[in-house]
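Participant: Take this sequence and fold it.
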Amino acid sequence: MSAMRPVAITMGDPAGVGPEIIAQVFRRQPAWSSRCVVVGDVGVLRRAVAVTGGALPVAVLESWDDVAAVPAQTLPVLPAVALKALPTWGQVSAAAGRAAVAAIESATAAALRGDVAALVTAPVHKEALQLAGLPHPGHTEFLQVLTARHLGVAVEQVPVRMMLSNDVLRTVLVSIHVSLREAIESVTFERVLQTVRITDRHFRRVLGMDAPRIAVAGLNPHAGENGLFGREEIDVIAPAVAAARAEGIDAQGPLAPDTVFMRARQGAFDVVVAQYHDQGLIPVKYLGLEHGVNTTLGLPFLRTSPDHGTAFDLAGTGRADPSSLQAAIQAAMVYGDVGVAQDTVHPSTF
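Facilitator: Numbering: from 1, shown residues only. Next up is the predicted model:
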């Protein structure tokens with residue numbers, strides 16, 4: 001175990017369910033105590049342990065290397081911030097946002113240095129991030145900026161995409177957290193082709209697929225019906241798919257968005273490239289949040305997260321379901337090469 005790099009887990013918004021579900025996962029998986037490190041505030045994690053039943057010791061670490069010696073069924077924490085007061089459960093605040101940001105920055109720096117095998121992020125609250133002065137709408141965009149800064153390049157030189165997946169369906173998004181009007185404007189030849197390329201590269205390099213089958217959804221009803229309901233498919237999406245195929249990528253489309261996800265679930269495709277946030281995420285979330293995993297494609301390290309938010313209405317109750325976070329950590333351990341056997345996870349999950 002001493003030679004293995006750990007997985008870093010950020011605590012998320014300290015007023016949300018992130019710390020609670022982290023504590024619950026470590027109870028479910030006692031052997032993970034020497035493989036994963038939680039980055040955040042020690043007091044926040046101790047409170048989470050208490051509200052979820054106690055009896056889970058918290059080990060405060062000084063370095064990433066210390067995790068190898070942590071005993072089973074212990075919560076290892078590497079402090080990234082020391083809050084003067086614990087945020088009130090379920091309340092948006094700048095202090096909670098700043099604490100979440102500090103954990104993300106610390107863990108991301110470790111991932112970029114190669115100190116950890118992968119990064120798992122517990123949910124953050126977008127309004128709290130804004131109150132904390134963060135100009136980015138979510139994790140994906142923030143990680144992109146931190147990576148570009150570390151590499152000394154423009155943000156545009158670190159193109160990233162969001163993939164949401166469960167055991168029967170994977171979707172990758174052309175655009176992420178923007179208005180629907182802006183999302184439609186984002187459906188350009190360059191962006192669609194770039195999304196297909198990033199998807200193909202991830203499935204080959206990370207998931208080990210020789211020729212991933214990529215379905216590209218149309219933007220309009222019935223994929224435009226030959227221009228009757230819009231020309232984006234004819235003028236933009238179809239040429240991008242053709243360009244991808246010319247590069248040796250097994251991409252098909254544009255396909256009718258009201259049936260393509262069903263076809264992928266039935267095994268016709270390995271992944272669906274969706275044109276905007278809700279088009280791609282609703283089908284996956286409808287199938288259940290319990291085992292969904294959010295993965296950021298395009299970063300120089302593996303990042304996963306649960307497919308739900310801070311759930312302020314459940315914060316402090318100890319009743320939040322940790323299954324999605326557990327799936328995200330397990331994916332990070334498998335594909336971050338921490339040492340978990342490949343066959344312990346259904347290969348279509350991530």
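Participant: Helices of the stretch 101-250 of the chain, residue ranges please.
Facilitator: 126-131, 139-151, 180-185, 189-205, 232, 238-246 (DSSP state H, counting those that start in this stretch).
Participant: Pull out the buried positions in the third one.
Facilitator: Which is helix 180-185. By 16 or more other C-beta atoms under 10 Å, the buried positions in helix 180-185 come out as A183, I184. Yep, even glycine has a C-beta here, placed from its N, CA and C like the rest.
Participant: Please compute how far that helix lies from its chain's middle.
Facilitator: Centre-to-centre, helix 180-185 and its host chain are 22 Å apart (C-alpha atoms, centre = their mean, to the nearest Å).
Participant: Same question for stretch 210-222.
Facilitator: Distance, stretch centre to chain centre, for stretch 210-222: 21 Å (C-alpha atoms, centre = their mean).
Participant: Ends of that stretch, what's the gap?
Facilitator: 30 Å (C-alpha to C-alpha, to the nearest Å).
Participant: What average pLDDT does it get?
Facilitator: Across stretch 210-222, pLDDT averages out at 97.
Participant: now stretch 40-54
Facilitator: 96.
Participant: For the residue lying farthest from the centre of the chain, list the residues it contacts.
Facilitator: Going by C-alpha atoms, centre = their mean, the residue of the chain most distant from its centre is L228, 36.5 Å out. With contact set as C-beta atoms under 8 Å, 6 or more residues apart in numbering, L228 has no partners.
Participant: Would you quantify the distance from Q252 to E141?
Facilitator: Counting by C-beta to C-beta, to the nearest Å, the separation of Q252 from E141 is 29 Å.
Participant: Likewise for A315?
Facilitator: Separation of A315 from E141 (C-beta to C-beta): 24 Å.
Participant: More neighbours: which of the two?
Facilitator: A315 (25 against 18; other C-beta atoms under 10 Å).
Participant: which residues touch that one?
Facilitator: Going by C-beta under 8 Å, 6+ apart, A315 touches A15, G16, V17, E20, W89, G90.
Participant: measure stretch 289-300 end to end?
Facilitator: End to end - C-alpha to C-alpha - stretch 289-300 spans 27 Å.
Participant: for stretch 291-311, same thing?
Facilitator: 16 Å.
Participant: Kindly confirm my reading that A59 forms part of a strand.
Facilitator: Yes. Counting by DSSP: H, G, I helix; E, B strand; the rest coil, A59 is located in a strand.
Participant: what's near enough to touch it?
Facilitator: Going by C-beta under 8 Å, 6+ apart, A59 touches S33, D66, V70, P71, T74, L75, P76, V77.
Participant: quick one: which of the contacts of A315 sit in helices?
Facilitator: Cross-referencing the contacts of A315 against helices under DSSP state H gives E20.
Participant: between the contacts of A315, which is nearest D41?
Facilitator: Using C-beta to C-beta, A15 comes nearest to D41 of these, at 11.5 Å.
Participant: Counting neighbours, what do you get for the closest one?
Facilitator: 27.
Participant: Name the nearest residue to it, sequence neighbours excluded.
Facilitator: Ranked by C-beta to C-beta, 6 or more residues apart in numbering and with sequence neighbours excluded, the top spatial neighbour of A15 is P87, at 4.1 Å.
Participant: pretty sure the one you found contacts P14?
Facilitator: Yes. Contact criterion C-beta atoms under 8 Å: P87 and P14 qualify, at 5.1 Å.
Participant: Name the residues contacting each of the two.
Facilitator: With contacts defined as C-beta under 8 Å, 6+ apart, the residues shared by P87 and P14 are V44, A96, A99.
Participant: Next step: those residues restricted to strands.
Facilitator: Using DSSP state E, no member of these sits in strands.
Participant: Pull out the buried members of those residues.
Facilitator: Neighbour counting by 16+ other C-beta under 10 Å classes V44, A96, A99 among those as buried.
Participant: which residues touch the first one?
Facilitator: Residues counted as contacts of V44 (C-beta under 8 Å, 6+ apart) are M11, P14, P19, L83, L86, P87, A99.
Participant: Might you report the residue contacts of the residue lying closest to the third one once chain neighbours are set aside?
Facilitator: If I follow you right, that is P19. Distance criterion C-beta to C-beta, 6+ apart; nearest residue to P19, sequence neighbours excluded, is A48 at 3.4 Å. Neighbouring residues of A48 by C-beta under 8 Å, 6+ apart: P19, E20, I22, A23.
Participant: before we move on, the earlier item: can you tell me how far the residue farthest from the centre of the chain sits from V192?
Facilitator: The gap separating L228 from V192 is 21 Å, by C-beta to C-beta.
Participant: and P239, how many neighbours does it have?
Facilitator: A count of nearby residues for P239, using other C-beta under 10 Å, gives 14.
Participant: Give me the neighbour count for the residue lying closest to it once chain neighbours are set aside.
Facilitator: Closest residue in space to P239, ignoring its immediate chain neighbours: F189 at 5.8 Å, by C-beta to C-beta, 6+ apart. By other C-beta under 10 Å, the residues close to F189 number 14.
Participant: Who are the contact partners of L314?
Facilitator: With C-beta under 8 Å, 6+ apart, L314 has these contacts: V17, A320.
Participant: Likewise for the one 4 residues further on?
Facilitator: For G318, the residues meeting the contact criterion (C-beta under 8 Å, 6+ apart) are E20, V51, T52, G53.
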